[in-house]
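S.K.: sequence plus predicted model, see below.
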Amino acid sequence: MKILVVGGGGREHALVWKIAQSPLVEKVYCAPGNPGMKELAETVHLAVDNIDGLCDFAIKEQIDLTVVGPELPLTLGIVDRFKAQGLAIFGPSKAAAQIEGSKGFSKDLMAKYGIKTAAYESFTDRDAAAAYIRQQGAPIVVKVDGLAAGKGVILAQTVDEAIAAVDDILVKKTFGDAGDAVVVEEFLTGEEASFFAFTDGKNILPLASSQDHKQIFDGDKGPNTGGMGAYSPAPVVTDALYQRIVDEVVQPTIDGMAAEGCPYCGILFVGLMIENDDFKVLEFNARFGDPECQPLLSRMKSDVVPVLLDCARGELTTKALEWYDRAAVCVVLAAGGYPASYSKGDVIEGIDAANAVDGVRVFHAGTAEQDGRIVTAGGRVLGVTGWGETVAVAIDKAYEGADKIQWNGMQMRRDIGQKALKR
């Protein structure tokens, strides 16, 4: 088989790494890819939003399966375009990708199908949103309705901060067209977890539990990012909660999407807030999490390719995935200044030394090649993933690898996985 992976971040590097291990696969392409995956895949200079170019490439190269990493091409309708050409592709249709593309759509879906989530209202009018915020009080959450690269959620501690966020989104248009509407919702307390399930639109195949670390600084301080690290398994998701999430969230969501006339195929990402052995859904995403994908695929024993293909064909029959009996932890190394403005082009040292550590794999995210050297090219630059028989060992491995890497201004959190240890 020939497989095309769309995307160029850490998630896509992990997907390429896992897909390339399959005995079914003879060649992997990645568009646009990154320098870290060149030993595993042929990188193709096509942007993720160049839907026509990607489709033409898949036809020309007779690609057997395309796997879409990021949310943008999904919301632009890449799956519909490929299927219209008779091409097999893993991911939800444009209509189904609204589950991530519009916070209002996903909240309304949850309300309609009885899926527990925070109380909310959606607004396009600034004054109406401000009045609602004053009525509800703070802390309160303000969300950009559309795609915002993981940065469109403001956890406002005061009423003034919440109204300022609404002004940024609706009036100043800080997030562009993605901010044509805002969702204002109840502030939930507890511990976050990420839950993923493969689906063909009807059948579901859940993955192991995982947990992301959204804020930039230790102790969950500072602004939200795309994710500063993740680990799997997440002890906060007990066996009992795991089954309830499948029964009370994943299955009703898939059934509800089918009932709405937009059956959901691909990977469903459920963001959860867990407290006192109960949970509410924070959000849905239409793709693998980044960085959760890295530890999850590091633990997955099953060949992922037949599952991806079965989902794309609407024929998911696998009853359960096999997992290595180990934990995995990914620590994200970010550029100085991220998630605000940051410099690019800084030379990175020590990647080979980190990869040489037993039980460590460095996944490239925001990197480029310049004069034969690897340089920074994004906010989140590398994801150092370590694994071991326990979370504690995996944490030690990940940081042993991370500490071998350096560039000017590099930053990372030092507390990835600590919540798991406390449990």
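M.R.: That came through, no problem. Residues are numbered from 1 along each chain as shown.
S.K.: the stretch 1-150 of the chain: helices as residue ranges?
M.R.: Residue ranges of the helices in the stretch 1-150 of the chain, as given by DSSP state H, counting those that start in this stretch, are 10-19, 51-60, 71-75, 78-84, 98-101, 103-112, 126-136.
S.K.: out of those, which comes closest to I416?
M.R.: I416 sits nearest to helix 10-19 of all the helices of the stretch 1-150 of the chain, at 14.0 Å, using C-beta to C-beta. Just so you know, the C-beta spots here come from the backbone N, C-alpha and C atoms, and that holds for glycine as well.
S.K.: surely G271 and L188 touch.
M.R.: No: look at G271 against L188 with C-beta atoms under 8 Å: they stay out of range, at 10.8 Å.
S.K.: intersection of neighbour lists for the two?
M.R.: Both G271 and L188 are in contact with L282, where contact means C-beta atoms under 8 Å, 6 or more residues apart in numbering.
S.K.: who's more crowded, those two?
M.R.: Neighbours per residue, other C-beta atoms under 10 Å: of G271 and L188, the larger number sits with L188, 20 against 17.
S.K.: for the residue lying closest to that one once chain neighbours are set aside, what is the enclosing helix or strand?
M.R.: Leaving aside its sequence neighbours, L188 sits nearest to M273 (C-beta to C-beta, 6 or more residues apart in numbering; 4.3 Å). In this assignment (DSSP states H and E), M273 forms part of strand 266-275.
S.K.: buried residues in the helix or strand of the chain with the lowest mean pLDDT?
M.R.: Across the helices and strands of the chain, mean confidence by mean pLDDT, DSSP states H and E is lowest for strand 221-224: a mean of 89. Across strand 221-224, burial judged by 16 or more other C-beta atoms under 10 Å covers N224.
S.K.: just the CA trace of that strand, in PDB.
M.R.: Only the C-alpha atoms of strand 221-224 are listed here, as PDB (Å, rounded to 0.1, in the frame of the first residue of the first chain):
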ATOM      1  CA  LYS A 221      -0.300  28.600  34.800                       C
ATOM      2  CA  GLY A 222      -0.300  31.100  32.000                       C
ATOM      3  CA  PRO A 223      -2.100  31.200  28.600                       C
ATOM      4  CA  ASN A 224      -3.500  28.200  26.800                       C
END
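S.K.: what packs against it?
M.R.: Contacts defined by 3 or more C-beta pairs under 8 Å, 6 or more residues apart in numbering; DSSP states H and E place strand 221-224 against strand 215-217.
S.K.: most tightly surrounded among the helices of the stretch 1-150 of the chain?
M.R.: helix 10-19 (a mean of 27; mean count of other C-beta atoms under 10 Å).
S.K.: give me the contact list for that helix.
M.R.: Here helix 10-19 makes contact (C-beta under 8 Å, 6+ apart) with 3, 5-7, 25, 28, 30, 33-34, 36-37, 40-41, 67, 69-70, 287-291, 293-294, 297-298, 300, 304-305, 308, 330, 332, 361, 363-365, 380, 382-383, 385.
S.K.: how far does it sit from the chain's center?
M.R.: Centroid displacement of helix 10-19 relative to its chain, using C-alpha atoms, centre = their mean, to the nearest Å, is 13 Å.
S.K.: need the CA coordinates for it. PDB is fine.
M.R.: Output in PDB follows, covering the C-alpha atoms of helix 10-19 (Å, rounded to 0.1, in the frame of the first residue of the first chain):
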ATOM      1  CA  GLY A  10       4.400  16.300  15.800                       C
ATOM      2  CA  ARG A  11       1.100  14.400  15.400                       C
ATOM      3  CA  GLU A  12       1.800  13.700  11.800                       C
ATOM      4  CA  HIS A  13       5.400  12.600  12.500                       C
ATOM      5  CA  ALA A  14       4.000  10.100  15.000                       C
ATOM      6  CA  LEU A  15       1.400   8.900  12.500                       C
ATOM      7  CA  VAL A  16       4.100   8.400   9.800                       C
ATOM      8  CA  TRP A  17       6.300   6.600  12.400                       C
ATOM      9  CA  LYS A  18       3.500   4.200  13.300                       C
ATOM     10  CA  ILE A  19       2.100   3.700   9.800                       C
END
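S.K.: if we can go back for a sec, mind listing what's buried along the strand holding M273?
M.R.: Residues 266-274 are the ones in strand 266-275 that count as buried (16+ other C-beta under 10 Å).
S.K.: re the thing from before, who wins for proximity to E315 among the helices of the stretch 1-150 of the chain?
M.R.: In terms of C-beta to C-beta, the element of the helices of the stretch 1-150 of the chain nearest to E315 is helix 78-84, at 14.8 Å.
S.K.: which other helices and strands contact that closest one?
M.R.: Using 3+ C-beta pairs under 8 Å, 6+ apart, helix 78-84 sits against helix 51-60, strand 65-68, strand 89-90.
S.K.: can you redo the ones you listed as JSON lines with mean pLDDT and distance to Q157?
M.R.: Shown next, in JSON lines, are those (pLDDT from 0 to 100; distance: least, C-beta to C-beta, whole Å):
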{"stretch": "helix 51-60", "mean pLDDT": "98", "distance to Q157": "41"}
{"stretch": "strand 65-68", "mean pLDDT": "98", "distance to Q157": "37"}
{"stretch": "strand 89-90", "mean pLDDT": "98", "distance to Q157": "40"}
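S.K.: closest to L155 out of those?
M.R.: Of all these, it is strand 65-68 that lies closest to L155, at 29.5 Å by C-beta to C-beta.
S.K.: contact partners of that closest one?
M.R.: Residues outside strand 65-68 that contact it (C-beta under 8 Å, 6+ apart) are 1, 3-7, 15, 19, 54, 58, 74, 78-79, 82, 87-91, 266, 287, 305, 308-309, 312.
S.K.: go again with 7 Å.
M.R.: Residues from elsewhere that reach strand 65-68 (C-beta atoms under 7 Å, 6 or more residues apart in numbering): 1, 3-6, 15, 58, 74, 78, 82, 87-91, 287, 308-309, 312.
S.K.: so how do I select the buried members of the contacts of helix 10-19 in ChimeraX?
M.R.: Command for ChimeraX, covering only those of those found buried under the criterion 16+ other C-beta under 10 Å:
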select :3,5,6,7,25,28,30,33,34,36,37,40,41,67,69,70,287,288,289,290,291,293,294,297,298,300,304,305,308,330,332,361,363,364,365,380,382,383,385
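S.K.: picking that back up, quick one: strands adjacent to the least confident helix or strand of the chain?
M.R.: If you go by DSSP bridges, strand 221-224 pairs up with strand 215-217 (antiparallel).
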